[in-house]
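Novice: Based on what follows, work out the 3D shape:
(chains A and B)
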Amino acid sequence: GAGVSQTPSNKVTEKGKYVELRCDPISGHTALYWYRQSLGQGPEFLIYFQGTGAADDSGLPNDRFFAVRPEGSVSTLKIQRTERGDSAVYLCASSTSGAHNEQFFGPGTRLTVL
Amino acid sequence: SQKIEQNSEALNIQEGKTATLTCNYTNYSPAYLQWYRQDPGRGPVFLLLIRENEKEKRKERLKVTFDTTLKQSLFHITASQPADSATYLCALEEGTGRRALTFGSGTRLQVQP
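Specialist: Numbering: from 1, shown residues only, chains lettered A, B, ... in the order given. Have a look, this model is predicted:
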């Protein structure tokens, strides 16, 4: 079966621009997570969805970052007024709704802000 | 402050030997600890989960221990193979209902043939 997919795989943008990153979770997975990973670091939590609602957005660094999951499947991470410090790999993961389940990660979107 | 520490230096071992990776944490009380493998350019892949009331967990050539007194987890790969070369990440999940994982920075393992 298909795993978690993310598009685009690479995104280069200019400082100040708006970007959208998309995540297609594994079918049937109700939990969806966004992380970002800088070089040499582990993934850093951004936001967690259970179904359509954001159950925990405590990791979003500021109000330039926003994510949606309107139908409880695909999710979009939106970054406004991008800054060079936003450059990182953005990872999406999904899991079943049971507690403490393994998370299945996508390959990530590498965002570069020039 | 809360901190998760994994050896930042790469671990180089010979094929067939046992690799042991360390994950230490401070100011956390994790209910669960997970280990992931990450290859370059790819997302992490889940390997094992261990609960706070479990001392040890095994899966094929993998073994994880969890010592909540020492605040440490050890990850062992026995009979290591060059294909085991990757970065290994530990991740904590607190037992507060918060589902987010907090990751260490990972340790790169290189198995020499």
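
Novice: Nearest spatial neighbour of the residue nearest to the spatial centre of chain A, chain-adjacent residues omitted?
Specialist: The centre of chain A sits closest to A:W34, judged by Cα atoms, centre = their mean, with a distance of 3.3 Å. Using Cβ to Cβ, 6 or more residues apart in numbering or on different chains and skipping residues adjacent in sequence, the residue nearest A:W34 is A:L46, 4.2 Å away. C-beta: built from backbone N, CA, C; applies to glycine.

Novice: Contact residues of chain B facing chain A?
Specialist: Counting by Cβ under 8 Å from any Cβ of the partner chain, the positions of chain B adjacent to chain A are B:4, B:31-32, B:34, B:36, B:41-46, B:49, B:51, B:89, B:91, B:93, B:98-106.

Novice: Mind doing that once more with 10 Å?
Specialist: Residues of chain B lying close to chain A (Cβ under 10 Å from any Cβ of the partner chain) are B:4, B:6, B:8, B:31-32, B:34, B:36, B:38, B:41-49, B:51, B:87, B:89-91, B:93, B:95, B:97-106, B:108.

Novice: For the residue nearest to A:P25 when sequence neighbours are not counted, which three-state class applies?
Specialist: Of all residues not flanking A:P25 in the chain, A:S94 sits nearest, at 3.4 Å (Cβ to Cβ, 6+ apart). The three-state assignment at A:S94 reads strand, by DSSP: H, G, I helix; E, B strand; the rest coil.

Novice: Who does A:S94 form a beta bridge with?
Specialist: Counting by DSSP bridges, A:S94 forms beta bridges with A:L32, A:F104.

Novice: and what of A:I47?
Specialist: A:W34.

Novice: What is the neighbour count of it?
Specialist: Number of residues near A:I47 (other Cβ atoms under 10 Å in any protein chain shown) recorded here: 23.

Novice: Do I have it right that it meets A:T76?
Specialist: No - using Cβ atoms under 10 Å, A:I47 is not in contact with A:T76; the gap is 11.4 Å.

Novice: overlap in contacts of the two?
Specialist: A:W34, A:F66, A:A67, A:V68, A:R69 (Cβ atoms under 10 Å, 6 or more residues apart in numbering or on different chains).

Novice: Derive a ChimeraX selection command for the buried subset of the residues you listed.
Specialist: Buried subset of the shared contacts of A:I47 and A:T76, written as a ChimeraX selection, criterion 16 or more other Cβ atoms under 10 Å in any protein chain shown:
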select /A:34,67,69
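
Novice: Can you flag which of the shared contacts of A:I47 and A:T76 belong to strands?
Specialist: Here DSSP state E is the test, and the shared contacts of A:I47 and A:T76 give A:W34, A:F66, A:A67, A:V68 as lying in strands.
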